[in-house]
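Student: task: produce atomic coordinates for the following.
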Amino acid sequence: MSRTATGRRRSLLLVLMACAVPVLSACGAQYSGGGEGPLKGARIAFGSKDFTEQKVLGQIAVQYLREQGADVWDQTGLVSSEAVRGSLTRGDIDAYWEYTGTAWITYLGHEKPIPDPDEQFAAVAEEDLEENGIRWINRAPLNNTYALAVKEEKAEELGITSLGDVKGLLAGERGGDVTVCVESEFANREDGLPGVQRAYGFKVPRDRLKRLDLGLIYSQTANGTCTLGEVFETDGRIKGLGLRVLEDPERFFPPYSGAITIREELLREHPRIEEVMEPIAKRLTTEQMQILNAKVDIDGKLPDKVARDWLEEEGLVD
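Tutor: Numbers count the residues shown, from 1 in each chain. I've put the predicted structure just below:
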């Protein structure tokens, strides 16, 4: 090996060693942005979970905060809900998009969700601030909740539009042909299949229930193998594959409103973050997230590209 190559390896090793210290203290290259704007002087480590919607939301925030003058460290695409939440509460990151239902049930330990989205948001925001010093801001209209979906053409054929129609469908002459596909977790959660069956008074026969990976459920529902399939309402594959979400008139499924969770200390120091992010949040409806998610999951675009294109289309950045 040449001396030059050896020197490069040694230099690289020193850089990696320098970065292998507590998360926010090393390697200035982690942050970028920091221009003129209302958030000039703010340093924000913004994270996300590792699925499509979270990556898109995270990239929207990272890019827009930089445009507003903040110095931002892109920490999008972390592994899991627990990992991202732990990073926030430890102070390894400063903010990320979270869902009210996830926080209420998973982080705050409540068994029963609050059906009204406004009341659920208020309860989560109050408790998380009091117990953990986490502020909830910029609640978006999107609702990434559970749902059951059916192929559009199949819904027309069967004459079903809501979960209230499932009982009659299963009891009718076509009931023996109905197959319901869910993940194993959804099959056992109280805010999943057991609860929705009680709420609407139907029971899926064991031989008509299939447990599949979530990704397969979308495609299998689209091709007719599954009559009904578990979905998340903001998933881009709903529109992309021509699925129809069944209405939930009893509002059984808990609200999973999206909002930014941020360390109280940072928000006190830079209160304009909430004002700056408001134009972003109000545009993020369930339908809008379906479109953005589909650009990744159906069209194969990268989340950072989808985020930038959307910010430009909305006139939020040049």
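
Student: neighbours of residue 92, just the number please.
Tutor: By the measure other Cβ atoms under 10 Å, the count of residues near residue 92 is 17. For the C-beta atoms, the positions are set from N, CA and C on the backbone; glycine is no exception.

Student: in what helix or strand does it lie?
Tutor: Using DSSP states H and E, residue 92 sits in no helix or strand.

Student: would you confirm that it contacts residue 45?
Tutor: Yes: with contact defined as Cβ atoms under 8 Å, residue 92 counts as touching residue 45 (7.2 Å).

Student: dihedrals phi and psi, residue 38?
Tutor: phi -60, psi -20 (degrees, to the nearest 10).

Student: list the contacts of it.
Tutor: For residue 38, the residues meeting the contact criterion (Cβ atoms under 8 Å, 6 or more residues apart in numbering) are 68-69, 272, 275-276.

Student: please report which of those residues has the highest neighbour count.
Tutor: residue 68 leads the contacts of residue 38 on contacts (other Cβ under 10 Å) with 23 neighbours.

Student: what sits against that one?
Tutor: 37-39, 276.

Student: so residue 200 sits against residue 252, correct?
Tutor: Yes: using Cβ under 8 Å, residue 200 makes contact with residue 252 at a distance of 7.4 Å.

Student: need the residues touching each of these two.
Tutor: residue 163.

Student: surely residue 127 meets residue 108?
Tutor: Yes: assessed by Cβ under 8 Å, residue 127 is found in contact with residue 108 at 5.6 Å.

Student: of those two, which one has the most company?
Tutor: The residue with more neighbours, out of residue 127 and residue 108, is residue 127; 18 against 14, by other Cβ under 10 Å.

Student: helix or strand for that one, which one?
Tutor: Using DSSP H and E, residue 127 falls in helix 117-132.

Student: return the helix or strand in this structure with minimum mean pLDDT.
Tutor: Lowest by mean pLDDT, DSSP states H and E among the helices and strands of the chain is helix 3-19, with a mean of 35.

Student: report the contact partners of the closest residue to residue 36 other than its chain neighbours.
Tutor: The spatial neighbour of residue 36 that comes closest, neighbours along the chain excluded (Cβ to Cβ, 6 or more residues apart in numbering), is residue 69 at 5.6 Å. When contacts are counted by Cβ under 8 Å, 6+ apart, residue 69 touches 33-42.

Student: ditto for residue 200
Tutor: Contacts of residue 200 (Cβ under 8 Å, 6+ apart): 163-164, 166-167, 250, 252.

Student: still on that earlier bit, of all the contacts of residue 38, which two lie farthest apart?
Tutor: Farthest pair in the contacts of residue 38 (Cβ to Cβ) is 69 and 275. Separation: 13.0 Å.

Student: who's in contact with the helix or strand following the least confident helix or strand of the chain?
Tutor: Reading on from helix 3-19 to the C-terminus, the next helix or strand found by DSSP H and E is strand 31-33. By Cβ under 8 Å, 6+ apart, the residues outside strand 31-33 that reach it are 43, 45, 65-67, 69-74.

Student: including secondary structure, distance to residue 229 and pLDDT, could the contacts of residue 38 go into TSV?
Tutor: TSV is the format used below for the contacts of residue 38 (DSSP: H, G, I helix; E, B strand; the rest coil; distance: Cβ to Cβ, whole Å; pLDDT from 0 to 100):
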residue	secondary structure	distance to residue 229	pLDDT
68	coil	40	97
69	coil	45	97
272	helix	43	97
275	helix	40	97
276	helix	39	97
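
Student: name the nearest of these relative to residue 81.
Tutor: Among the contacts of residue 38, and counting by Cβ to Cβ, the member closest to residue 81 is residue 276, at 25.7 Å.
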